[in-house]
Structure formats: structure tokens, C-alpha cells
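Participant: Predicted structure and sequence below. I'll ask about it afterward.
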Amino acid sequence: MSRNLPLVLLASALTGCAGTAPQLQTEHAYRVEWIGERPLIDRSHLSITFAADGRAHGNAGCNHWFASYQLDGERLRFESPGSTRRMCAPALMEQEQRFLAALEKVERWDFNSIGQLQLWPVSGKPIRLWAD
């Protein structure tokens, strides 16, 4: 038996895993961690759920939001998001507006090396999310 057999088996197992790219899942919630250059305010909760019918919704930190989306391979676009109209602390309201504005600029998605979903604008840093 070859001394290199364990290495060969490990390499083939890793190669098999590398060929399976993560997929954006519908009917599954993702929790926002960063909006572009900035992390979320402590204890705030922003989320996105992609419904199978082409609608997305979630929590924007203060209000619930909703929008239609188009997904074509790695391309992703949101229509102008709407939201409920509850008022919260000014810092949360500012973060919510940044988030909703950032959604409108999304043009593609991918997963980074640590498994976060990234929603990329035309330019700048992505919205980074974890699967819930």
C-alpha cells in the first residue's frame, strides 16, 4: 500500500467538494452583517428572504421591507424596495435607509471564502450576509 494514498484520497475528496458551488436559496432567511463599508449597529437585525415567486422581504432594522427581484445566474436586481413606516431611533433609521438604498444598487451576488452571501453593487463594497 502506498504511503501517499491518504494524501491522494484527501485531495480527491477536496476536489469533489470544490466543484459544488453554493447556491442562493429561496424561502431561506439571510441575516445582514455589513452594509458596504460599515457593520451593523449592535443588536440591530436586518434580514433578507428570497421568496420563490420573485419577491424578497425582511427586516430593515426598524421596519419590514419588500421588493421584487430578478435572479439570472449570478446577476441579481431588486426593484425599488418599499417598507412599513414605523419610526425608530435616528441611527437605526439612517442605517435602514442605507440598507434600502444599497439594495437598489445590487447587480450581482456570490459567496466569499468564509461562506457569506455577498450582494455586490456596481461599485464599492458588498452587503454581506449569513444564512440563518
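Facilitator: Arrived safely.
Participant: going forward, measure contacts and count neighbours with C-alpha atoms only.
Facilitator: Will do.
Participant: Test my guess that E104 contacts E79.
Facilitator: Yes: assessed by C-alpha atoms under 8 Å, E104 is found in contact with E79 at 6.6 Å.
Participant: What strand or helix carries T26?
Facilitator: Secondary structure assigned from DSSP states H and E places T26 in neither a helix nor a strand.
Participant: Pretty sure I48 is one of the things it touches, is it not?
Facilitator: No: using C-alpha under 8 Å, T26 is not in contact with I48, being 10.1 Å away.
Participant: quick one: R128 from C88, how far?
Facilitator: Distance, R128 to C88, by C-alpha to C-alpha, to the nearest Å: 23 Å.
Participant: Look at these two and report which has more neighbours.
Facilitator: Using other C-alpha atoms under 10 Å, the more surrounded residue of R128 and C88 is R128, with 23 against 13.
Participant: Quick one: classify that one as helix, strand or coil.
Facilitator: Assigned state for R128: strand (three-state reduction, DSSP: H, G, I helix; E, B strand; the rest coil).
Participant: Could you list which residues are in contact with it?
Facilitator: V32, E33, W34, I35, G36, Q116, L117, Q118, L119 (C-alpha atoms under 8 Å, 6 or more residues apart in numbering).
Participant: Just give the strands next to the helix or strand encompassing the second one in its sheet, each with its orientation.
Facilitator: Per DSSP H and E: E33 is located in strand 29-35. Within its sheet, and counting by DSSP bridges, strand 29-35 is paired with strand 38-39 (antiparallel), strand 47-50 (antiparallel), strand 127-131 (antiparallel).
Participant: Make CSV out of those and add distance to G58 and mean pLDDT.
Facilitator: Formatted as CSV, these follow (distance: least, C-alpha to C-alpha, whole Å; pLDDT from 0 to 100):
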stretch, distance to G58, mean pLDDT
strand 38-39, 18, 95
strand 47-50, 5, 98
strand 127-131, 13, 97
